[in-house]
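Engineer: for reference, the sequence and a predicted model appear below.
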Amino acid sequence: MAGHSQFKNIMHRKGRQDAMRSKLFSKLAREITVAAKAGLPDPDMNSRLRLAIANAKAQSMPKDNIDRAIKKASGADSENYDEVRYEGYGPGGVAIIVEALTDNRNRTASNVRSYFTKAGGALGETGSVGFMFDRVGEIVYPASAGDADTVMEAAIEAGADDVQSDEENHTIITAFEDLGEVSSALEAKLGEAESVKVIWRPQTGTPVDEEKAQSIMKLIANLDDDDDVQNVYANFEVDDEVMARLSAA
């Protein structure tokens, strides 16, 4: 399993999302505003906005917050956010992609660079590690949506490319251009997904030891804590014993 999924599972088990709900809502609202501003403010006519709203609802973001974020896009005083991608290497040569929405590129670039430097990594040029990842669609259902065979069958019928099931989630991977169609077909069979989004999926993993894994997780946590950072992806891998210790820590 790739480092991105491992890290997110660990963070979920530790309840980090609940502890940082306010920050999470802020990031979700920013994505909604940017999506609404980039197209029409109607989710039926704007696929990116539709996905942003669906993910906000999956995180129990109140409807009032969602509506405010949409209305903010049409306000004369609304901020202009730039979508920026940063790429670099973390401890152990692990490839990392950082996606940000920022109203100040200099501030964000300086912050991201400092996180990499403090972790013993290095920020590179755009494209320096992107070739190690594929841009794909990711649909996540809770384990309660059905057993692995049921979800696998539904995913195959919907046209998905891959399914990974564990005790917590079913993660379904689709081609980037098929995400909307596959998610709609799955919703008809399994109900509303926990999240539907476009991600950077590592083509291969970079094995690291426990010490390096801890350093990478700290780097990802620092990046994730930054208000401008929306998503972080890494291609690190650890064995099951190390993962168990990291999960219990």
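Structural biologist: It's in. Numbers count the residues shown, from 1 in each chain.
Engineer: from D134, how far out is the nearest residue to G205 once chain neighbours are set aside?
Structural biologist: Of all residues not flanking G205 in the chain, E237 sits nearest, at 3.4 Å (CB to CB, 6 or more residues apart in numbering). (Glycine included, C-beta is placed from N, CA and C.) Taking CB to CB, to the nearest Å as the measure, E237 falls 16 Å from D134.
Engineer: between the two, tell me which one has more neighbours.
Structural biologist: A direct count of neighbours by other CB atoms under 10 Å for E237 and D134 places E237 higher, at 19 against 15.
Engineer: what's the distance between that one and I32?
Structural biologist: 33 Å.
Engineer: again, but for L101
Structural biologist: Distance from L101 to I32, by CB to CB: 11 Å.
Engineer: which one's more surrounded, the two?
Structural biologist: I32 (28 against 20).
Engineer: that one contacts R68, doesn't it?
Structural biologist: No: at 9.1 Å, I32 does not count as touching R68 under the criterion of CB atoms under 8 Å.
Engineer: just to revisit the earlier point, quick one, phi/psi of the residue nearest to G205?
Structural biologist: Phi and psi for E237, reported as degrees, to the nearest 10, are phi -130, psi 140.
Engineer: beta-bridge partners for it, please?
Structural biologist: P207 (DSSP bridges).
Engineer: looking at it, K23 is touching D226, isn't it?
Structural biologist: No: when contacts are counted by CB under 8 Å, K23 is not listed as touching D226 (9.6 Å).
Engineer: which one of these two has more residues nearby?
Structural biologist: More crowded of K23 and D226, by other CB under 10 Å: D226, with 19 against 14.
Engineer: look up phi and psi at that one.
Structural biologist: According to degrees, to the nearest 10, D226 has phi -70, psi 130.
Engineer: in which helix or strand does the nearest residue to P91 once chain neighbours are set aside reside?
Structural biologist: Nearest non-adjacent residue to P91, counting by CB to CB, 6+ apart: S215, 4.2 Å away. Assigned by DSSP states H and E, S215 belongs to helix 210-225.
Engineer: dump that helix to CSV, restricted to CA.
Structural biologist: Only the C-alpha atoms of helix 210-225 are listed here, as CSV (Å, rounded to 0.1, in the frame of the first residue of the first chain):
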residue,chain,number,x,y,z
GLU,A,210,10.9,3.0,10.8
GLU,A,211,13.0,6.1,11.6
LYS,A,212,12.7,7.5,8.1
ALA,A,213,8.9,6.7,8.1
GLN,A,214,8.5,8.7,11.3
SER,A,215,10.4,11.7,9.8
ILE,A,216,8.3,11.5,6.6
MET,A,217,5.1,11.4,8.6
LYS,A,218,6.2,14.4,10.6
LEU,A,219,7.0,16.3,7.4
ILE,A,220,3.5,15.4,5.9
ALA,A,221,1.8,16.5,9.2
ASN,A,222,3.6,19.8,9.0
LEU,A,223,2.6,20.3,5.4
ASP,A,224,-0.9,19.3,6.1
ASP,A,225,-1.2,21.8,9.0
